[in-house]
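[1] A structural model of the following input is requested.
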Amino acid sequence: MSWILVVEDEPALRADLVTYLGMRGFTAEGTGSVAAMAELMATRPDPAVVILDIGLPDGDGREIARRLRAERTCAIIMLTALSEADERVRGYDSGADIYMVKHTSLREIEAAINSLLRRIQEPSHRTQPLPPRTWVLHRPSWSLIAPDLSAVKLTATEVAFLTVLMNTINETCLRDDLVRAMARRYTTFDNRHLDAVVSRLRRKIAKSTDLPSPIKVIYGTGYAFTSPGRID
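    Numbers count the residues shown, from 1 in each chain. Now for the predicted structure:
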């Protein structure tokens, strides 16, 4: 039975979708926020389809669609009140497979889901390996986006540190190189400051996510970023 996740902040519409899809044989669950969605997806296999609203209380659905497209294997139906052509184009550009407006009938939404499921189940899709779940350093917002879609807000120093580490994934970055990269923001910066920055950053990651820290200590040498990651 396919799992369908409805991310919609209007309680009545969310309940209607979840109830109807459940009656049609799907395993459907609903959430009203990005944070609740991330919590649901953190410890479970990816849903087959995410039905995603744009105007969520704690995030832009288009940005969430970009993250889902980059990090997850689920199909995306964007369901929104915004029907203008430019908005549809923006929705598709952000990663939506199908863009639908909120007055669309439940039967049509079900038909869209079934169409996506048939596409997913084609041999060319079944044989492709699952992409690794990736950490993303989003420099414009000074954020580290975890594979569970939670965001860790960063300082300028932490951004500089992660930029060096994530430019050389799985390779050791020497302490002296890290100190030089980060010293530009201070009149003095040494190994003691470096260790303090890393310790604080690892605590922030632990507080914001349930995932192991991707930053590993290479004793006597430096640090390494040991999980799949990229810089945006």
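[2] just checking, next helix/strand downstream of the helix-or-strand element of the chain with minimal mean pLDDT?
    Scoring the helices and strands of the chain by mean pLDDT, DSSP states H and E places helix 123-126 at the bottom, with a mean of 47. Following helix 123-126 in sequence order, the next helix or strand is strand 135-138 (DSSP states H and E).
[3] Show residues contacting the helix or strand following that following strand.
    Following strand 135-138 in sequence order, the next helix or strand is strand 143-145 (DSSP H and E). Outside of strand 143-145, the residues that reach it under the criterion C-beta atoms under 8 Å, 6 or more residues apart in numbering are 67, 135, 136, 137, 138, 151, 152, 153, 154, 158, 162, 205. (Each C-beta comes from the backbone N, C-alpha and C, glycine too.)
[4] chain center to strand 143-145, what's the gap?
    9 Å (C-alpha atoms, centre = their mean, to the nearest Å).
[5] can you check stretch 60-72 too?
    Using C-alpha atoms, centre = their mean, the offset of stretch 60-72 from its chain centre is 6 Å.
[6] Strands along this protein, start to end?
    Here the chain has its strands, by DSSP state E, at 3-7, 27-31, 49-52, 55-56, 59-60, 75-80, 98-101, 135-138, 143-145, 151-153, 173-174, 215-218, 222-225, 229-231.
[7] Could you identify which of these is most buried?
    Mean neighbours per residue, mean count of other C-beta atoms under 10 Å, is largest over those for strand 49-52, with a mean of 26.
[8] what's the spacing between residue 104 and residue 37?
    21 Å (C-beta to C-beta, to the nearest Å).
[9] How about the contacts made by the residue nearest to residue 21 when sequence neighbours are not counted?
    Leaving out its chain neighbours, the residue that sits closest to residue 21 by C-beta to C-beta, 6 or more residues apart in numbering is residue 28, at 3.8 Å. By C-beta under 8 Å, 6+ apart, the contact set of residue 28 is 3, 4, 5, 6, 17, 18, 19, 21, 22.
[10] gap between the first one and residue 212?
    To residue 212, residue 3 is 25 Å away according to C-beta to C-beta.
[11] where's the helix of greatest length in the chain relative to the chain centroid, distance-wise?
    Secondary structure of the chain read by DSSP state H shows that its longest helix is helix 191-208. Helix 191-208 has its C-alpha centroid displaced from the chain centroid by 22 Å (C-alpha atoms, centre = their mean).
[12] go on, stretch 41-52?
    The answer for stretch 41-52 is 11 Å, by C-alpha atoms, centre = their mean.
[13] Not counting its neighbours along the chain, what's nearest residue 112?
    residue 98 (5.0 Å).
[14] Could you find the residue nearest the spatial middle of this structure?
    residue 149 (3.3 Å; C-alpha atoms, centre = their mean).
[15] Over to that one: give its phi and psi.
    In this entry, residue 149 is assigned phi and psi values of phi 80, psi 0 (degrees, to the nearest 10).
[16] contacting residues for the closest residue to it other than its chain neighbours?
    Closest residue to residue 149 apart from its sequence neighbours, by C-beta to C-beta, 6+ apart: residue 38 at 4.3 Å. Applying C-beta under 8 Å, 6+ apart to residue 38 gives the contacts 148, 149, 150.
[17] What is the neighbour count of the first one?
    As a burial measure, the neighbour count of residue 148 was computed by other C-beta atoms under 10 Å and equals 18.
[18] pretty sure it is touching residue 37, no?
    No - Residue 148 lies out of contact with residue 37 (C-beta atoms under 8 Å); the separation is 9.8 Å.
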